[in-house]
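S.K.: below: sequence and its predicted model.
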Amino acid sequence: MRRWEDLPDFMRTDEVRPYWEIMWKKRGHLAVKRMFDIITAVILLLLAAIPMIIIAVMIKIDSRGPVMYRQERVTTYGKHFRIHKFRTMIQNADRVGTAVTVSNDNRITRMGSLLRGLRLDELPQLIDVLEGNMSFVGTRPEAAKYVEQYRPEFNATLLVPAGITSEASIRYKDEYKLLSVSDDVDKTYVEQVLPGKMKWNLNSIERFSFFREMLTMLRTVLAVIGKDYD
């Protein structure tokens, strides 16, 4: 956790300050969180190694293109990194559509639809957790073009690493349904979906604790298997 004076200029604002003060007081929780991330990511990578190899082979058989999708995202303090995800869309999908997915998106492959439904496309993000670019729980890493349109208070979510899951991810697990009825997907995402998700993300910072993050991970598992938290 950086000291206030060491934050990037765009984050040293009155809107971010209250959230920084909360997280600064909970530096011990952040240290435990990082230790948990490293140990758990190593264990899960070892357990998931063979399944991930099988998934990689199935992706190659199902459609042309690379196994991994490496889009640039934004994490702590505005750092850009290339996320690890199994490819679930046709090759170069981001060149023929938006950076977000809509319902019945024809860019999604057959294998991709299965992986997305079970959230197995995110397994490679264990690598990002080990590298320190992500955590198990935290604000989902956004594409740079959306971060550039953040309201000042949204930058508070960049105080900690982006996450594989979050309370916002649970609440907005079907966001593609909302976007599918929009004539301008990017505009709808920035003006309607993103603010709603950020409300949950900022609330998670205000109430941050290591124990609460463990509950979020449990709730994510339940949401994947069908529990509705709306």
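M.R.: In hand now; what should we look at? Predicted model only: the values in this text are computed from it and were never measured. Numbering: from 1, shown residues only.
S.K.: contacts and neighbour counts: CA atoms only from here.
M.R.: OK.
S.K.: the most centrally placed residue in the chain in helix, strand or coil?
M.R.: Geometric centre of the chain, nearest residue: residue 140, 2.3 Å, by Cα atoms, centre = their mean. Following DSSP: H, G, I helix; E, B strand; the rest coil, residue 140 is assigned to coil.
S.K.: where does it land on pLDDT?
M.R.: Looking at residue 140, its pLDDT reads 94.
S.K.: could you do the one 3 residues further on as well?
M.R.: Looking at residue 143, its pLDDT stands at 93.
S.K.: quick one: it and residue 74 touch, right?
M.R.: Yes - the criterion here is Cα atoms under 8 Å, and residue 143 meets it with residue 74 at 6.3 Å.
S.K.: who has more neighbours, those two?
M.R.: Neighbour totals were compared for residue 143 and residue 74, and residue 74 leads with 24 against 18 (other Cα atoms under 10 Å).
S.K.: contacts only, for the residue lying closest to that one once chain neighbours are set aside.
M.R.: Of all residues not flanking residue 74 in the chain, residue 80 sits nearest, at 4.6 Å (Cα to Cα, 6 or more residues apart in numbering). Each residue near residue 80 by Cα atoms under 8 Å, 6 or more residues apart in numbering is listed here: 72-74, 144.
S.K.: in helices only, show me those.
M.R.: With helices taken from DSSP state H, the overlap with the contacts of residue 80 comprises residue 144.
S.K.: for the contacts of residue 80, give me a markdown table that also has distance to residue 38.
M.R.: Formatted as a markdown table, the contacts of residue 80 follow (distance: Cα to Cα, whole Å):
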| residue | distance to residue 38 |
| --- | --- |
| 72 | 22 |
| 73 | 21 |
| 74 | 20 |
| 144 | 26 |
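S.K.: distance check, residue 60 against residue 223.
M.R.: Using Cα to Cα, to the nearest Å, residue 60 is found at 29 Å from residue 223.
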